[in-house]
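A.B. asks: below are the sequence and a predicted model; questions follow.
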Amino acid sequence: MSDLPGIVVNGASGRMGQMLVKLVSESPAARLVGVLERSGHDWVGRDIGEAMGGAALGVPVTDDPLEAMSKAQAVIDFTAPAATVPLAAIAAQARAVHVIGTTGLSGDDIARLDAAARHAIIVRAGNMSLGVNLLVQLTRKVAAALDEVFDIEIVEAHHKHKVDAPSGTALMLGEAAAEGRGVKLDRVADRGRDGITGARVDGHIGFAAIRGGDIVGEHDVIFAGPGERVVLRHVATDRAIFARGALKAALWGIGRKPGSYDMMDVLGL
Ligand SMILES: NC(=O)C1=CN([C@@H]2O[C@H](COP(=O)(O)OP(=O)(O)OC[C@H]3O[C@@H](n4cnc5c(N)ncnc54)[C@H](OP(=O)(O)O)[C@@H]3O)[C@@H](O)[C@H]2O)C=CC1
Ligand SMILES: O=C(O)C1=N[C@H](C(=O)O)C[C@H](O)C1
């Protein structure tokens, strides 16, 4: 039996779940020890490799989180708030690092995750890619350097199946822009304009979302001033960037003190 860190993937049939199963099962630094799906899913009880249409991986899909985590040091979770929030308490009980990529979490969900982090090691980010986390840092710097004469607008584009808006990444970028300006995002965010909205309010941070086709994820932070514009952009073309970041976070989290961490901590940015 290998002594590589054991990783569980939650939401194994999802777009990110399948990407993670592939990455972890092929990784020289970790081993796949469990895969979770919700009760009633037709993959439960099947070998995950075969369910994904490939060779058997020797790991059956289960709907029992404690069983899945019995041999694990970490669980990677890109699912939905209704699955992620309860899993935090179970991961704490199993003493497993909980890496959370799930977006669309409400303020109440985040409060519950923060409460779980008193006993659990939670690494959570709306985007686990290196490029986006660098873009977050750049956004904070540019927002601090440019005054309110530059209007900040965040435009994001994703595939047609995405259920939440603005994206988790857009919200991270908005938080960074607000921090750079020394304001609270919830006081200045304009989320969704329609009809006679009135002129733009100076100092506000606007959000716009495009949904279509198979767009993996694109984010522009626009600083629009009189006579010039600065545009910071990230374009994701492969979901593997998120999966790689999540596995890095899982390995980084093992042995840390309980608490809430993010990708800035993992990447040392
Ligand atoms: N932080 C980051 O870097 C990234 C975050 N994401 C986020 O990850 C999440 C998943 O994205 P994606 O893989 O595209 O989504 P999918 O819809 O492809 O997959 C979601 C998975 O979660 C499961 N799931 C959904 N709701 C529940 C529930 N209530 N209980 C148990 N399981 C549930 C689904 O199971 P079922 O099929 O049975 O519904 C499915 O396996 C989203 O929130 C997305 O925004 C995505 C990419 C990068
Ligand atoms: O749902 C997605 O696909 C993605 N979600 C994340 C987000 O909400 O920002 C990250 C990435 O953009 C892909």
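C.D. replies: Nice, thanks for sending it over. Numbers count the residues shown, from 1 in each chain. Ligands and ions are numbered 1, 2, ... in the order given.
A.B. asks: need phi/psi at residue 33.
C.D. replies: Dihedral pair for residue 33: phi -110, psi -10, per degrees, to the nearest 10.
A.B. asks: how close does it get to ligand 2?
C.D. replies: For residue 33, the distance to ligand 2 equals 26 Å [C-beta to the nearest ligand atom, to the nearest Å]. Using the backbone N, CA and C atoms, a C-beta is placed for each residue, glycine as well.
A.B. asks: show me the beta-bridge partners of the closest residue to residue 235 other than its chain neighbours.
C.D. replies: Distances taken as C-beta to C-beta, 6 or more residues apart in numbering place residue 218 nearest to residue 235, at 5.0 Å, with adjacent residues excluded. Taking DSSP bridges, one obtains residue 157, residue 235 as the residues bridged to residue 218.
A.B. asks: for residue 218, grab the count of nearby residues.
C.D. replies: The tally of other residues near residue 218 (other C-beta atoms under 10 Å) stands at 17.
A.B. asks: separation between it and residue 246?
C.D. replies: Noted for residue 218: a distance of 20 Å to residue 246, by C-beta to C-beta, to the nearest Å.
A.B. asks: ok, the residue nearest to residue 235 - contacts?
C.D. replies: Residue 218 makes contacts with 156-158, 233-236, as judged by C-beta atoms under 8 Å, 6 or more residues apart in numbering.
A.B. asks: would you show me how to pick out the buried ones of these in PyMOL?
C.D. replies: Command for PyMOL that selects the buried part of those, burial taken from 16 or more other C-beta atoms under 10 Å:
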select buried, resi 156+157+158+234+236
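A.B. asks: adding distance to ligand 1 and pLDDT, write the contacts of residue 218 out as a markdown table.
C.D. replies: Formatted as a markdown table, those follow (distance: C-beta to the nearest ligand atom, whole Å; pLDDT from 0 to 100):
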| residue | distance to ligand 1 | pLDDT |
| --- | --- | --- |
| 156 | 11 | 98 |
| 157 | 13 | 98 |
| 158 | 8 | 98 |
| 233 | 17 | 98 |
| 234 | 12 | 98 |
| 235 | 14 | 98 |
| 236 | 8 | 98 |
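A.B. asks: which ones among the contacts of residue 218 also lie next to ligand 2?
C.D. replies: Contacts with ligand 2 within the contacts of residue 218, as defined by C-beta under 6 Å from any ligand atom: residue 158.
A.B. asks: looking at the contacts of residue 218, which two lie furthest apart in space?
C.D. replies: Spatially, the most separated pair among the contacts of residue 218 is 158 and 233, at 14.7 Å (C-beta to C-beta).
A.B. asks: residue 222: neighbour count?
C.D. replies: Neighbour number of residue 222 under other C-beta under 10 Å is 17.
A.B. asks: show me the shaky parts of the protein.
C.D. replies: Within the chain, the stretches with pLDDT under 70 are 1.
A.B. asks: for it, which residue gets nearest to ligand 1?
C.D. replies: residue 14 (2.2 Å; C-beta to the nearest ligand atom).
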